[in-house]
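Enquirer: pasting a predicted model and its sequence here:
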Amino acid sequence: MKRSIYVLLSMLILASMLLAACGTPATEAPTAPPAAPAATDVPAAPAATEVPPTAAPAFVGDKLVAPDCNYGGNFKAIEAVDQFTVKFSFCAPDPAFLAKIASVEAFDIYSKANLTEIGGDATKMNDAPVGTGPYIVKEWVRGDHITFVPNPTYFGEKVANTTFIMKWNKEAAARLLDLQAGNVSGIAEVTSDDLATIEADANLKLYPRHVNNFLYLGINNSRAPFDNEKVRQAFAMAINKQKIVDDFYAPGSVAATQFVPAGVKPGFTEGYKGTTYDAAKAKQMLVDEKFDFNKTYTLSYAERTRPYFPQPTKIAQAVQAQLAEIGIKVKLDMQDWAVYLPASREGKLDLFFLGWSEDFPDATNWYDVFLAGSSPSFGNAFPDIVDLIKKAATLSDSAERQKIYDQINVLYDQHVPTIIIAHGTTNLAFLSTVGNVVLGPYNENFPQMTTADGTLVFSQDGEPVSLMCADETDGSSFRACNQIFSKLYRFDWGTANPVPDLAEKCTGNADATEWTCTLKQGVSFSNGAAFDANDVVATFSAGLDYKNPLRKGNTGSYQYFKDLFGGKVLNEPAP
Amino acid sequence: MIQFLTRRLFLVLPVLAGILLVTFIITRLVPGDPCYVMLGEKATKATCDEFKARFGLDKSIPEQFGRYVFNIAQGDFGNSLKDRRPITTIVGERLPMTIELTILAMLFSSTFGILLGVVSALNRNSFIDTFTMLGANIGVSMPVFWLGLLLAYLFALVLKGTPLQLPPSGRLSAGVSLIPLAKTWGITDATGIKAFMLAMLSNSAIMNGLLTGNYTLVFDALKHLILPAVAVGTISLAVIARMTRSALLEVLGQDYIRTARAKGLEYGLVIRKHALRNALIPIVTVIGIQTGGLLSGAVLTETIFSLPGVGSRMVEAILGRDYPVVQGFSVVIALIFVFTNLIVDASYAYLDPRVRVK
């Protein structure tokens, strides 16, 4: 009897599952066409059936206006003044505006009509991206490669190759094998171990990339004994940074002498050496402070290779050994990244390794991110440093700002909020037959690279997550988006100088609270739609207004719109 | 036989229910936060709280589980947290490559494993036997990532420029396209199971090529699978060779073999028809286990050779705490194991008449 009931139940469940699987598509139900952004003054797109009048319709400019500046972000308004002019207004001066919009692909400009059609959904953008960049996507074979071909409507310099294929392989050794075998034309993220092999091979050429970054030893100054400034100073003095760089970093990397790398100007103090290695003095300082040498301290890290952290375990072991030389017992605690990062953010770690690569070339992307306030990760902020950072943020004169950063750099060594270890160089390698390779800190000139057969194949370390980079933060996605979309400004090939791209020019007012951009005319998206100021407003509105119906993206975080423009977006719910 | 298979099929249901429950609980108990993995160093607590709320991860575990089961009952396995793509779509992309790799690897390992096992057994304690079994032991002990890199180095670099040159990684050569069958055949209305099966066929480069007459695609896909199949099949080959040898040796000592020889039957016929067939049951069991293991993903091989299969995606999902993908793939892997065992059991009945009689 029991058996019969069991069989009957099983049959019912199986039948229901089969019916469900057959009847319902396993994909997401198509979303209804979104309404026009409610929280903004952006008008709805015209209905598809609307018959255009004989005369060209007058341009109606869209705008997004914050009711006030108390919402926590810095954007006050974006307005399409006319068809080819957009005005950005800020609550507080933003002298780095051009560098910000030129930096990451989060500020790619989308077609308003296309954004409306796909409801701002990244999964739909992935299927048929519409941009104004040098390439269009021919196919994306998931897990294997993306094939790009030149965009016939591209407004910029003619693309020098006929096909650009982006592949990925997580293993650096396998990427190198692919390059040596001639299966790819170039590879990203060459490891230190492979540099000699590449340099010895006449068929290959190494291209170093100097990116402003740092590896730091995080210290939580709310926990004893690291609440003692002298102890932190002693730790900084006990680490031989130069030896670590010599042993584990790629050529071109440098040991840190102060908070920011030499490329951050204003910010970096020329000639300033900061805390230098002196193990004997460090030990004496600890003895004077009655430091407990019997206790074992935990140094946490994650085995996640980065240009600034090329060999995590070896570097952690080296620091452990250097501290042991003066009698400090350190236990290494390697954690899974998914556990490690939240633990560091929540202030659960005493000593930990993390790093930073700048998003845009400006001192605010360093000092303001790390030193402008207290945090659970690092503990208490230092009021003298915070005051100076606030003062620097109101200035647009570089020389004046530098004077303030000079003071901060000295105070940094006194307070030791973190210990900056090194600034790493990363390397890319190409076949020597690939011509016109130019690498900058933020991009590669793939559209201008040449190969004998016109096909350029590049292998990076990961597959793009999505092609709607407004809502992405990873370099693999950015590299792909960079081929398909354009921004108002971009960095000139090989440099960190912002140059106009979709904009003819952007000019700021005297106090950098307003930026007016004149757009290029005659530019078309890859689907043929004409580009105008409303595309810019629609793109920024999706990123900056939490309630904008086109703000779907991938995860919906739109992190860079928060990070680079004040920390919060419009209509963001309270935590 | 049909009753036996039906009974086994119904046993799948409690297994699936168990897998759903266990994987759901384990993924939620493992420490870590998907938001921090996805946003990296830029992640903040406020952003991650918002992320959790958006994807329902702030709800209690029983509530999340209830919703998950409710959705599955409607055929919805959910979407990846990483890229919000449906799990069924991801399975449809990844499983075909793994099936292709498994078939090739098992063809290689079964053919050569049985052959070497038979040769070894027939030449017991000879130089050939010692040499073969030494090779099998090395094969079992060799780390697959090391063998993979070695093969890639040999066939991609040392033999570069010769007809034996093979690609060291990737699924297709630059310029070779994998066009979806729906596009080729002009199908626009496929949904549900039909769409899934179409995706499975489309994403199997070999099947896609055969169905559309695109033999360039077939040969290119095969060329890319040779090294991974050999790398991943070597361990299975060694295991099968050892099992074949021991099973065959046991059978060769039986009275009925001696009787068959005494009747004057040809030696080869005795080996093929009487000895090997009776020794096949343990060999088939081993092949079944190895096949199930490979179908659930050859993680290291897929990583080394940059092949987009089940294993690499599963590991990526585990490290990224992409719960829906881990759960969905666990169910798929469980089903693969169940059906592989079912096929093995069915083959017993074919190989051994006593099983049919029972």
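Expert: Thanks, I have the structure now. These numbers were taken from a predicted model, which means no experiment stands behind them.

Enquirer: dump the residue contacts of the residue lying closest to B:Y323 once chain neighbours are set aside.
Expert: Setting aside the residues directly before and after it, B:Y323 is nearest to B:T27 in space (CB to CB, 6 or more residues apart in numbering or on different chains), at 4.8 Å. C-beta here means a position set from N, CA and C on the backbone, and glycine is covered the same way. Shown in contact with B:T27 (CB atoms under 8 Å, 6 or more residues apart in numbering or on different chains): B:R321, B:Y323, B:V326, B:Q327.

Enquirer: dead centre of chain B: give me the residue that sits there.
Expert: B:L295 (1.3 Å; CA atoms, centre = their mean).

Enquirer: work out for me the element the closest residue to that residue other than its chain neighbours sits within.
Expert: Leaving aside its chain neighbours, B:L295 sits nearest to B:I336 (4.6 Å; criterion: CB to CB, 6+ apart). Using DSSP states H and E, B:I336 sits in helix B:323-351.

Enquirer: tell me the pLDDT of A:L14.
Expert: You'll see A:L14 listed with a pLDDT of 49.

Enquirer: no, scratch that, I was asking about A:P30
Expert: 36.

Enquirer: okay, and residue 98 sits in which element?
Expert: Just so you know, I chose chain A. helix A:97-102.

Enquirer: you looked at the wrong chain, it should be chain B
Expert: helix B:87-122.

Enquirer: quick one, that helix and helix B:323-351 angle?
Expert: 40 degrees (axes from the mean of the first three to the mean of the last three CA atoms, to 10 degrees).

Enquirer: list the buried residues for helix B:87-122?
Expert: B:87-106, B:108-110, B:112-114, B:116-122 (16 or more other CB atoms under 10 Å in any protein chain shown).

Enquirer: re the thing from before, quick one, phi psi at the residue nearest to the centre of chain B?
Expert: When read as degrees, to the nearest 10, the backbone of B:L295 gives phi -70, psi -30.

Enquirer: one more: A:F164?
Expert: phi -120, psi 120.

Enquirer: mind listing what it touches?
Expert: A:Y135, A:T147, A:F148, A:V149, A:F446, A:P447, A:T455, A:L456, A:V457, A:F458, A:Q483.

Enquirer: can I have the buried ones of those residues as a ChimeraX selection?
Expert: To isolate the buried ones among the contacts of A:F164 in ChimeraX, judged by 16+ other CB under 10 Å, type:
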select /A:135,147,148,149,446,447,456,457,458,483
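
Enquirer: interface residues of the stretch 201-350 of chain B facing chain A?
Expert: Contact residues (CB under 8 Å from any CB of the partner chain) of the stretch 201-350 of chain B with chain A: B:T303, B:I304, B:F305, B:S306, B:L307, B:P308, B:G309, B:S312, B:R313, B:L319, B:G320, B:R321.

Enquirer: one step back: keep only the buried residues of helix B:87-122 that also lie close to chain A.
Expert: B:I87, B:T88, B:T89, B:E93, B:R94, B:M97.

Enquirer: relative to chain A, which of the residues you listed is nearest.
Expert: Chain A lies nearest to B:T88 out of these, by CB to the nearest CB, at 3.5 Å.

Enquirer: of the ones next to chain A among the buried residues of helix B:87-122, closest to A:L115?
Expert: For those, the minimum distance to A:L115 (CB to CB) is 22.9 Å, reached by B:T89.

Enquirer: distance check, B:N125 against A:A510.
Expert: Counting by CB to CB, to the nearest Å, the separation of B:N125 from A:A510 is 95 Å.

Enquirer: likewise B:R8?
Expert: 80 Å.

Enquirer: who's more crowded, those two?
Expert: Ranked by neighbour count (other CB atoms under 10 Å in any protein chain shown), B:R8 and A:A510 place B:R8 first, with 15 against 8.

Enquirer: tell me how many other residues crowd whichever residue of chain B sits closest to chain A.
Expert: Taking CB to the nearest CB, chain A has its nearest neighbour within chain B at B:P308, 2.2 Å off. B:P308 has 23 neighbouring residues, counting by other CB under 10 Å.
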